[in-house]
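**Q** model this:
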Amino acid sequence: MKTLVIAVLGLLLVVGLMIVPSQAGGPLSLTDPVFAKFIGGTVEEIDHAGLRVTIQTEQGKKESLQVADASLLQGLSKGDRVSVEMDEQGKARTIIKTMPNKKGAPEPGG
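**A** Modelled structure (predicted):
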């Protein structure tokens, strides 16, 4: 009896694992494109008309980035520290202002 219960539960588990991915659009394969590129740096120039922002990267290189939407440029100013997420076409998808740690400020939790 115990063996039968374990066998039935095992079968249900296997069948359940096969059904879930098919309802979720299928499992990801290693060949599926997954793209996420982030660039961090300082805003050097903002071109509202051309939908571009130029970033001085943390490695010292200037990158002129096309933005996907004009609203991403709102509130940005030269000198702002930002983190930029790029989409598959190489356009800025999100721009998030970041703040560097101030010298002498205590670390969080310490």
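**Q** what about the closest residue to Val67 other than its chain neighbours, neighbour count?
**A** With sequence-adjacent residues excluded and distances taken as Cβ to Cβ, 6 or more residues apart in numbering, Val67 is closest to Ala92, at 4.4 Å. For glycine as for every other residue, the C-beta is placed from the backbone atoms N, C-alpha and C. Residue neighbour count, defined by other Cβ atoms under 10 Å, stands at 23 for Ala92.
**Q** what do you get for Gly50?
**A** 10.
**Q** before we move on, what SS does it have?
**A** coil (DSSP: H, G, I helix; E, B strand; the rest coil).
**Q** What distance do you get for it to Ile6?
**A** Distance check for Gly50 against Ile6: by Cβ to Cβ, to the nearest Å, it reads 66 Å.
**Q** ditto for Met99
**A** Following Cβ to Cβ, the distance that separates Met99 from Ile6 is 56 Å.
**Q** neighbour-wise, which of these two wins?
**A** Between Met99 and Ile6, counted using other Cβ under 10 Å, the more crowded position is Ile6 (10 against 7).
**Q** give me the element the more buried one is part of.
**A** Assignment of secondary structure by DSSP states H and E places Ile6 within helix 2-23.
**Q** Which SSE is immediately downstream of that helix?
**A** strand 37-47.
**Q** ok, residues contacting the helix or strand that that next one is followed by?
**A** From strand 37-47 onward toward the C-terminus, using DSSP H and E, the following helix or strand is strand 52-57. Contacts of strand 52-57 from elsewhere in the structure, counted by Cβ atoms under 8 Å, 6 or more residues apart in numbering, are 39-47, 62-67, 72-73, 76, 82, 84, 92, 95.
**Q** 7 Å instead?
**A** The set of residues external to strand 52-57 that reach it, using Cβ atoms under 7 Å, 6 or more residues apart in numbering, is 39-46, 62-67, 73, 76, 82, 84, 92.
**Q** Need phi/psi at Asp87.
**A** Dihedral angles phi and psi of Asp87 (degrees, to the nearest 10) take the values phi -90, psi -170.
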